[in-house]
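J.: have a look at this prediction, sequence included:
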Amino acid sequence: QAPLVESGGALVQAGGSLRLSCAASGRSFSSDTMAWFRRAPGKEREFVAGIAWNGGTTVYADSVKGRFTISRDNAKNMAYLEMNMLKPEDTAIYYCAATGAWSTIVQKTPREYVYWGQGTEVTVSS
């Protein structure tokens, strides 16, 4: 089983909301920094949001600040991305990622993340 499995992607109208989930398995991810990245059609993968191991630090891309909220439940080995006021430009495949090591810093570069999910597709219609 893949270490990270995303779910919750769907087709939604602009202005709508979605909640993505990331289920971690195989090991405890409670010490990892967790993050969400996305890849839109024809674009490179980009950082969306990240959360430190204890939830004490969260970092967001400017494009989603105020609309998206990242959270985690270490007891359940889960991470979430609550997305509100969705826009057509949010259309992308969303990936969950984990650093594989403890850190107090939320990294924005993909190479800092060792574990990746297969992605879940979000389509926002105008």
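T.: Perfect, I can see it now.

J.: centroid-nearest residue for the chain?
T.: Trp36 (2.1 Å; Cα atoms, centre = their mean).

J.: name the helices or strands packed onto the host helix or strand of it?
T.: Assigned by DSSP states H and E, Trp36 belongs to strand 32-39. Using 3 or more Cβ pairs under 8 Å, 6 or more residues apart in numbering; DSSP states H and E as the contact test, the elements touching strand 32-39 are strand 18-24, strand 46-51, strand 68-73, strand 78-83, strand 92-102. C-beta coordinates here come from the backbone N, C-alpha and C atoms, glycine included.

J.: I'd like those strands as TSV, with distance to Gly119 and mean neighbour count appended.
T.: Listed next are the helices and strands packed on strand 32-39 as TSV, based on distance: least, Cβ to Cβ, whole Å; neighbours: other Cβ atoms under 10 Å:
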stretch	distance to Gly119	mean neighbour count
strand 18-24	10	20
strand 46-51	12	22
strand 68-73	16	18
strand 78-83	12	22
strand 92-102	4	20
